[in-house]
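Engineer: got a sequence here, can you model it:
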Amino acid sequence: MKEKGFTLVELLGVITVLAIIALIVFPQIVSQIKKKEGELDGTTEKLILASVENYLDLHASTYPKEQGLEYCVTLNMLVQDGLLQPPLQTASGEEIPLTNSVQIKVLRNKELSMTYSTATCN
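Structural biologist: Now for the predicted structure:
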């Protein structure tokens with residue numbers, strides 16, 4: 001009578017295949033996690049960019065919206081003007097440094113191109 005079950009060779013084969021799949025997929029997952037760590041969630045970024053627009057409107061004489069001009073506004077500047085309340089945090093609970101900034105470029109028709117950056121203003 002033949003017993004039901006897997007042989008040792010079959011089990012080792014399955015384990016080997018699973019290990020190969022893990023070796024292929026695991027580095028990609030880790031790189032995606034590291035990439036996301038430095039990014040803001042959508043809601044926080046929208047809040048910061050809206051605060052920057054308000055800041056530019058409040059300081060229109062210092063930051064005129066003329067085509068071709070470029071500006072840099074730090075999060076600390078937004079906090080000092082009362083447009084953001086510290087501590088600023090990402091969705092995962094990490095505190096956002098107030099030295100981070102938003103790079104602003106004035107396009108045609110006074111439209112703004114804004115990019116959040118972990119770099120400080122020059």
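Engineer: continuing past the lengthiest helix in the chain, what's the next helix or strand?
Structural biologist: Ranked by number of residues, the top helix in the chain under DSSP state H is helix 8-37. Sequence-wise, the next helix or strand downstream of helix 8-37 (DSSP states H and E) is helix 42-58.
Engineer: which helices and strands does that next one pack with?
Structural biologist: Here helix 42-58 touches strand 70-74, helix 75-80, strand 101-106, strand 112-117, going by 3 or more CB pairs under 8 Å, 6 or more residues apart in numbering; DSSP states H and E. Where you see a C-beta, it was placed from the backbone N, CA and C, and this is true even at glycine.
Engineer: before we move on, the earlier item: tell me how far the longest helix of the chain is from the chain's mean position?
Structural biologist: With CA atoms, centre = their mean, to the nearest Å as the basis, helix 8-37 stands 26 Å off its chain's centre.
Engineer: next: stretch 94-114.
Structural biologist: On CA atoms, centre = their mean, the centre of stretch 94-114 falls 13 Å from the chain's centre.
Engineer: any idea how far apart the tips of that stretch sit?
Structural biologist: Terminal residues of stretch 94-114 lie 23 Å apart, using CA to CA, to the nearest Å.
Engineer: noted, bye for now.
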